[in-house]
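Visitor: Starting from these lines, generate the structure:
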Amino acid sequence: MNAITSLTDAEREDLSKKNSEQNKRSEQNRR
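Guide: Numbering: from 1, shown residues only. Predicted structure coming up:
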């Protein structure tokens, strides 16, 4: 949690974007 809170808003946004993209991909792979 500390690692995330130390990130800037821009970095957090970028990470969340990457995470959501990975989630979409993994969901498609499961089908």
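
Visitor: Quick one: mean pLDDT over the longest helix along the chain.
Guide: Using DSSP state H to assign secondary structure, the helix with the most residues in the chain is helix 9-30. Averaging the model's pLDDT scores along helix 9-30 yields 90.

Visitor: Let me see the contact set for the residue minimising distance to the centre of the chain.
Guide: The residue lying closest to the centre of the chain (CA atoms, centre = their mean) is residue 19, at 2.4 Å. Going by CB atoms under 8 Å, 6 or more residues apart in numbering, residue 19 touches no other residue. C-beta here means a position set from N, CA and C on the backbone, and glycine is covered the same way.

Visitor: where's it relative to residue 9, distance?
Guide: When distance is defined by CB to CB, to the nearest Å, residue 19 is 15 Å away from residue 9.

Visitor: Over to residue 26?
Guide: Taken as CB to CB, the spacing of residue 26 relative to residue 9 amounts to 26 Å.

Visitor: How about residue 25?
Guide: For residue 25, the distance to residue 9 (CB to CB) stands at 25 Å.

Visitor: These two - which one has more neighbours?
Guide: When residue 25 and residue 9 are compared for neighbours, residue 25 comes out ahead with 10 against 7, by other CB atoms under 10 Å.

Visitor: Residue 8 versus the more buried one, what's the distance?
Guide: Per CB to CB, residue 25 is found 26 Å from residue 8.

Visitor: Just give me the neighbour total for residue 12.
Guide: 13.

Visitor: List the buried residues of stretch 10-24.
Guide: For stretch 10-24, the neighbour count (16 or more other CB atoms under 10 Å) marks no residue as buried.
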